[in-house]
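Participant: Need coordinates for the below:
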Amino acid sequence: MKKLFVLVFAFLFISSLKAQTDLPGDWSGAISIMGVELGMLVHFKAEGETYSATIDIPEQGAKGLKLSNVVYSVPVISFELEIPEKTAKFKGAVDNDSITGDFKQAGLEGKFYLTKGLKKEVEVVEKKNFNEEEVTFKNGDISFAGTLSLPLKKGKHPAVVMITGSGPQNRDENVAGFKIFKVIADYLTTNGVAVLRYDDRGVGGSKGKNVDESTTEEFSTDVMAAMDFLKRREDINPGQIGLIGHSEGGIVAPMVAAKNNDVAFIVCVAGPSVTGAEIIAEQTKLILLANGGDKEKVERGVADSKFVLNMFVKGASDNEIKDAIRKVKNEEYDKLSEDEKGKITDRNKWVEDDITTNFNAFNSPWMRYFLKFDPVTVLEKTNCPALMYFGGLDLQVPVSQNEGPTRVALIKAGNKDFEIKVFDKANHLFQEAGNGSPMEYGKLKKSFVDGFLEFTSNWILKRVTVVK
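Facilitator: Below you'll find the predicted structure:
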């Protein structure tokens, strides 16, 4: 799922036992790991007292892959997808017509969810009152593929470049079946604003090194290349090109605006204004609590994570960081009950496996940059018109943590045209939410909270000239 990723620290919260749905049948859902959501379909069959299953992963063109070690002991379900040296392991709980749980593969950890039945998106064929054009552009040796939506009227149109959040994402920023950027693009273009959305580097039709091998700073150069592409077109007004960034894209937008006076405006949707290390610690705490975590254990786990995160931020050596994780895990083991310790057959292996998992999760160029970068440094240099959105139920970029620093930074910048708006019922995707947990994303209506699209469009239209 594309939004700031959630690192979950070894807690598996299983809801109280309720009436269980029969396992056999078709289930649809997704894996959420490192900020990316990958759709999947799982087909369970009963074979006497045991179960078998296959999995389809449409986005990877995979169908009918056999799952192994399928074990269902109410309410716990576990199964594996065997890939040489990269076996994917799933463990969760069945609760009525849903399954939620943990996913592990190649030292990385994430979450997954499934709901009973095959949910197929119904494509409503509508006559669009705008045009769409497949386009390509380059940033050095990296090539990008995208979609440019254009109003029907001839002339030089104001335009927006869409900027995705963290993790590899396609041009629609499709999260749990919600095509966030496509919905925004369709609405804005209908109202006279051209929109360019493109696949991230290394995703879909775009080529080049992938996002984990890159940094937020490098993503800002991709956006500038997209702007340069638009400026060369006869149907775009080169003086009225703005940016809309979601999540990490809400860092990239002011980063570009701070060093490029050609940016006409920015709209930041759940853009952070504190360092990645601070974001990760806070979102981890809030999400674990929202998912039913024990407050004392959560707070202890978050304190431990802050200790390790600070080692990365301070530029400690690999061995120093691994020693810090080892210290945390050994202290965690000592606090376990005798029953919990009895379930761990090899203490050293338990500790070392966790060191590998956590170190690998943070040891990428993207992550190391993200942990240290302070968005305030670019917000303080942002003078173009700016609309800053926050969701009252956003647990990934909490309003309580990020709204204040954003306001202070824009005031310090001397920005005379900025607005901060909070949608009280919105989650990180700006859906109307229950408690804001990412585990809700796939279950909520695939649409924005009331007023979001209208407010965005009206705000932009007050600052551009639409072709009549």
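
Participant: mind listing the strands for the stretch 301-450 of the chain?
Facilitator: 386-391, 418-423 (DSSP state E, counting those that start in this stretch).

Participant: can you tell me which of these comes nearest to residue 354?
Facilitator: Closest to residue 354 of the strands of the stretch 301-450 of the chain is strand 386-391 (C-beta to C-beta; 32.0 Å). Where you see a C-beta, it was placed from the backbone N, CA and C, and this is true even at glycine.

Participant: could you check the angle strand 418-423 makes with that closest one?
Facilitator: With axes from the mean of the first three to the mean of the last three C-alpha atoms, to 10 degrees applied, the angle from strand 386-391 to strand 418-423 works out at 20 degrees.

Participant: what's strand 386-391 packed up against?
Facilitator: Under the contact criterion of 3 or more C-beta pairs under 8 Å, 6 or more residues apart in numbering; DSSP states H and E, strand 386-391 touches helix 249-259, strand 263-269, helix 399-412, strand 418-423, helix 452-461.

Participant: How far off centre is that strand?
Facilitator: On the basis of C-alpha atoms, centre = their mean, to the nearest Å, strand 386-391 is displaced by 17 Å from the centre of the chain it belongs to.

Participant: next one: stretch 322-331
Facilitator: Taking the mean of its C-alpha atoms, stretch 322-331 sits 28 Å from the chain's own mean (C-alpha atoms, centre = their mean).

Participant: With stretch 403-420 instead?
Facilitator: Using C-alpha atoms, centre = their mean, the offset of stretch 403-420 from its chain centre is 25 Å.

Participant: which of the residues in that stretch are buried?
Facilitator: Of the residues in stretch 403-420, those buried by neighbour count under the rule 16 or more other C-beta atoms under 10 Å are 403, 405, 406, 409, 410, 413, 415, 418, 420.

Participant: Mind naming the longest helix for this protein?
Facilitator: Counting residues, the longest helix in the chain under DSSP state H turns out to be helix 295-313.

Participant: do you know which of the helices and strands packed on strand 386-391 lies nearest residue 232?
Facilitator: Relative to residue 232, the nearest member of these by C-beta to C-beta is strand 263-269, separated by 16.5 Å.

Participant: So what angle separates the directions of the helix or strand following that closest one and helix 399-412?
Facilitator: Read in the C-terminal direction, the helix or strand following strand 263-269 is helix 276-290, with elements assigned using DSSP states H and E. Counting by the same axes, to 10 degrees, helix 276-290 lies at 150 degrees to helix 399-412.

Participant: Can you name every helix or strand that helix 276-290 contacts?
Facilitator: Taking 3+ C-beta pairs under 8 Å, 6+ apart as the contact definition, the neighbouring helices and strands of helix 276-290 are helix 295-313, helix 365-372, helix 399-412.

Participant: got the ones you listed as JSON lines, with mean pLDDT and distance to residue 467 columns?
Facilitator: Rendered in JSON lines, the data for the helices and strands packed on helix 276-290 read as follows (pLDDT from 0 to 100; distance: least, C-beta to C-beta, whole Å):
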{"stretch": "helix 295-313", "mean pLDDT": "87", "distance to residue 467": "48"}
{"stretch": "helix 365-372", "mean pLDDT": "93", "distance to residue 467": "39"}
{"stretch": "helix 399-412", "mean pLDDT": "98", "distance to residue 467": "30"}
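
Participant: and the ones you listed as TSV, adding distance to residue 195?
Facilitator: Putting those into TSV (distance: least, C-beta to C-beta, whole Å) gives the following:
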stretch	distance to residue 195
helix 295-313	36
helix 365-372	26
helix 399-412	24
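
Participant: between these, which gets nearest to residue 341?
Facilitator: Relative to residue 341, the nearest member of the helices and strands packed on helix 276-290 by C-beta to C-beta is helix 295-313, separated by 15.6 Å.

Participant: Report the buried residues of the closest one.
Facilitator: Of the residues in helix 295-313, those buried under the neighbour-count criterion (16+ other C-beta under 10 Å) are 297-298, 300-302, 304-306, 308-309, 311-313.

Participant: and which of those residues is nearest residue 279?
Facilitator: Where the buried residues of helix 295-313 are concerned, and distances follow C-beta to C-beta, residue 279 has its nearest neighbour in residue 309, at 10.2 Å.

Participant: and the gap between the closest one and residue 93?
Facilitator: 29 Å (C-beta to C-beta, to the nearest Å).

Participant: and this protein, what are its domains?
Facilitator: For the chain, whose domains are defined here by automatic domain parsing, the residue ranges read 25-116, 130-274+374-461, 276-370.

Participant: Looking at those, which one is packed in the most?
Facilitator: Sort the domains of the chain by mean neighbour count, taking mean count of other C-beta atoms under 10 Å, and domain 130-274+374-461 sits at the top with a mean of 21.

Participant: Could you export the helix or strand containing residue 132 as PDB, CA atoms only?
Facilitator: Using DSSP H and E, residue 132 sits in strand 130-139. As requested, the backbone C-alpha atoms of strand 130-139 are provided in PDB (Å, rounded to 0.1, in the frame of the first residue of the first chain):
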ATOM      1  CA  PHE A 130     -12.000  14.800 -21.100                       C
ATOM      2  CA  ASN A 131      -9.200  13.100 -23.100                       C
ATOM      3  CA  GLU A 132      -6.500  10.800 -21.900                       C
ATOM      4  CA  GLU A 133      -3.100  10.400 -23.500                       C
ATOM      5  CA  GLU A 134      -0.300   7.900 -22.700                       C
ATOM      6  CA  VAL A 135       2.900   9.700 -22.400                       C
ATOM      7  CA  THR A 136       6.600   9.200 -21.600                       C
ATOM      8  CA  PHE A 137       9.400  11.400 -20.300                       C
ATOM      9  CA  LYS A 138      12.900  11.000 -19.000                       C
ATOM     10  CA  ASN A 139      14.900  12.100 -16.000                       C
END
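
Participant: Run the chain-centre distance for that strand.
Facilitator: Using C-alpha atoms, centre = their mean, the distance between the centre of strand 130-139 and that of its chain works out at 24 Å.

Participant: what does stretch 191-199 give?
Facilitator: How far stretch 191-199 lies from its chain's middle: 21 Å, per C-alpha atoms, centre = their mean.

Participant: any low-confidence regions in this structure?
Facilitator: Across the chain, the stretches falling below the confidence threshold (pLDDT under 70) are 1-21, 34-36, 59-61, 84-85, 119-127.

Participant: now the helices for it?
Facilitator: 180-190, 216-231, 249-259, 276-290, 295-313, 318-334, 338-342, 347-362, 365-372, 376-379, 399-412, 452-461.

Participant: Of these, give the one that comes closest to residue 101.
Facilitator: Comparison of those against residue 101 by C-beta to C-beta identifies helix 276-290 as nearest, at 14.2 Å.
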